[in-house]
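Colleague: no sequence on this one, just coordinates:
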């Protein structure tokens, strides 16, 4: 199992975190992600943040990042949760959270549920 804490809303870091989750889940291994303060708004939005300035083909990057988000939602072995504290303090809309995430988890609960997993923070 891999557990990824998506801490940043930076598009390149979101790409890395989602890529880890999707790669592991595509192999049939459990992949769990927790979207915290930086990542939560980016993942809740209809549009993801634009590609970093150093990316040569921004359109390709944007499509790839959107594809990773969509694939993560479709893979049975991949579960994404919204951080409870981030949902509360950012006043995230419950409907939006319900549409994009498996649910809401506190960080301690996420860590307890993924105990023994490879832990990555991006």
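Modeller: Yep, it's here. Here the structure is a predicted model, which means the values were calculated and not measured.

Colleague: Report the separation between the closest residue to residue 8 other than its chain neighbours and residue 115.
Modeller: Closest residue to residue 8 in three dimensions, ignoring its sequence neighbours and counting by CB to CB, 6 or more residues apart in numbering: residue 38, at 4.4 Å. Placement of C-beta: from N, CA and C, glycine included. To residue 115, residue 38 is 24 Å away according to CB to CB, to the nearest Å.

Colleague: Which of the two has more residues huddled nearby?
Modeller: Remark: of residue 38 and residue 115, residue 38 carries more neighbours, 17 against 9, as counted by other CB atoms under 10 Å.

Colleague: how about the strands in the protein?
Modeller: Here the chain has its strands, by DSSP state E, at 2-6, 31-35, 78-83, 103-105, 118-121.

Colleague: in this structure, what spans have low per-residue confidence?
Modeller: Applying pLDDT under 70 to the chain flags residues 46.
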